[in-house]
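Q: this one's sequence-less:
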């Protein structure tokens, strides 16, 4: 049985020699076994080749580090199976769909180009990576199961903090937390009717066959991204589009063209190109009503009135967000609080903010509001923005009084990592691990090895 398990597999493989792609015969074989999981020589060589392409000066000793990491990964997967960690086919397929749809979107949904580039169809690539994706999800679930219930006490946070040498404590720059109300000007009826008449005419030209959908989108659509691609939006799942658009696109049959709909962005008509379960590929034409100078002035005046009400405590900032702020921006769902996309928290250093925002709050004290500021949304739409400075800290070295939450986060992550490494160490001693003699030079320790 052992002879069968560890038999050598001979295959033709593509390898990289001195950075030059060449066809070569590679003798592949099982070089390690962790419980019932295998590690192939080709897997180590592939990882090493990738590492060497990034850092040409690395030595062959890096293969030992790669092997050690792979053993750790296989330990997690093996014990996830023993512990009956559940993973469904649907989870695997969803992740595979997401991965390949992301690639396909970058190729403008062109499956022919995808096949030419990768030398395989999307389905063939999914079949090739399905086991890897399953193992990845399995490992993530097992790791989450191990560390999800780990908590940390205030005493542990203090111990963590005082164990860090004072000269090694991080120095935090001045940080601010801000909230916003983003008010989009209301379109006047005259401009609204002009835009509706225009898109009605464009849709009729497509329906009658006078012009193609892609030509109309390329020439007239005011969505700059999709307009360049004939209106093509690529593949998208539920939850990506605003509610009115999503409800319409998911109700269409293949190639069907919708009636005209109105969203906060303007007027659209949509055509469904393809649907795959909860994923659709569609194209649209967008016509935006023109915002006049008078519309902008009215919006600025309205937002200034909201500011005055908040300042005299006749309205809370949170109610101002709910009643007046644009619903599709991320801060709306967070009562106006703005998240720093670089750190995934709500703290901003001065250089994290764009100059207009920074200078608008430069002289404010916590709790104070800026004046209404002209603001341009990512799609070019004009709006006005009211900013509230929630908190601000001075530059300082980390301390428990001002930075307890941050230090607690560091301490908790450290505790999770320590627990996980200890678990790996214990499992190495409990689990059957075989390493081929050809890799004895790696001296992988702490493992129960047998031949």
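A: Ah, there it is. This is a predicted model, so every value here is computed, not measured.

Q: show me which helix runs longest in this protein.
A: For the chain, the helix with the greatest residue count under DSSP state H is helix 400-430.

Q: who are the packing partners of that one?
A: Packing partners of helix 400-430 (3 or more CB pairs under 8 Å, 6 or more residues apart in numbering; DSSP states H and E): helix 62-82, helix 122-147, helix 154-162, strand 448-449. C-betas here are computed from N, CA, C, even on glycine.

Q: turn the ones you listed into JSON lines, including mean neighbour count, distance to residue 42 and mean pLDDT.
A: Below are the helices and strands packed on helix 400-430 laid out as JSON lines (neighbours: other CB atoms under 10 Å; distance: least, CB to CB, whole Å; pLDDT from 0 to 100):
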{"stretch": "helix 62-82", "mean neighbour count": "19", "distance to residue 42": "12", "mean pLDDT": "93"}
{"stretch": "helix 122-147", "mean neighbour count": "15", "distance to residue 42": "14", "mean pLDDT": "91"}
{"stretch": "helix 154-162", "mean neighbour count": "14", "distance to residue 42": "42", "mean pLDDT": "94"}
{"stretch": "strand 448-449", "mean neighbour count": "13", "distance to residue 42": "22", "mean pLDDT": "48"}
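
Q: need these in CSV (columns: distance to residue 438).
A: Output for the helices and strands packed on helix 400-430, formatted as CSV (distance: least, CB to CB, whole Å):
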stretch, distance to residue 438
helix 62-82, 11
helix 122-147, 24
helix 154-162, 43
strand 448-449, 14
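
Q: quick one: buried residues of the longest helix of the chain?
A: For helix 400-430, the neighbour count (16 or more other CB atoms under 10 Å) marks 403, 407-408, 410-412, 415-416, 420, 423-424, 427-428 as buried.

Q: what does stretch 346-359 give?
A: 346, 347, 348, 352, 353, 357.

Q: one more: stretch 158-175?
A: Those would be 160, 161, 172, 175, for stretch 158-175 by 16+ other CB under 10 Å.

Q: quick revisit: between the buried residues of stretch 346-359, which is closest to residue 109?
A: Nearest to residue 109 among the buried residues of stretch 346-359: residue 352, at 34.4 Å, using CB to CB.

Q: which residues are in contact with the closest one?
A: Taking CB atoms under 8 Å, 6 or more residues apart in numbering, we find residue 352 in contact with 340, 342, 343.

Q: relative to residue 392, how far out is it?
A: Using CB to CB, to the nearest Å, residue 352 is found at 13 Å from residue 392.

Q: check residue 109 too.
A: Applying CB to CB, the value for residue 109 to residue 392 is 46 Å.

Q: about what we covered before: name the nearest of the buried residues of stretch 158-175 relative to residue 190.
A: Proximity of the buried residues of stretch 158-175 to residue 190 (CB to CB) peaks at residue 175, which lies at 46.3 Å.

Q: the closest one touches residue 351, doesn't it?
A: No. Residue 175 lies out of contact with residue 351 (CB atoms under 8 Å); the separation is 10.9 Å.

Q: which sections of the chain are below the confidence cut-off?
A: Along the chain, the model assigns pLDDT under 70 to residues 1-27, 445-451.

Q: apply 50 and report the result again.
A: Applying pLDDT under 50 to the chain flags residues 1-26, 446-451.

Q: circling back to that earlier point, format the buried residues of stretch 346-359 as JSON lines; extra columns: secondary structure and distance to residue 78.
A: Shown next, in JSON lines, are these (DSSP: H, G, I helix; E, B strand; the rest coil; distance: CB to CB, whole Å):
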{"residue": "346", "secondary structure": "coil", "distance to residue 78": "40"}
{"residue": "347", "secondary structure": "coil", "distance to residue 78": "40"}
{"residue": "348", "secondary structure": "strand", "distance to residue 78": "44"}
{"residue": "352", "secondary structure": "helix", "distance to residue 78": "43"}
{"residue": "353", "secondary structure": "coil", "distance to residue 78": "48"}
{"residue": "357", "secondary structure": "helix", "distance to residue 78": "50"}
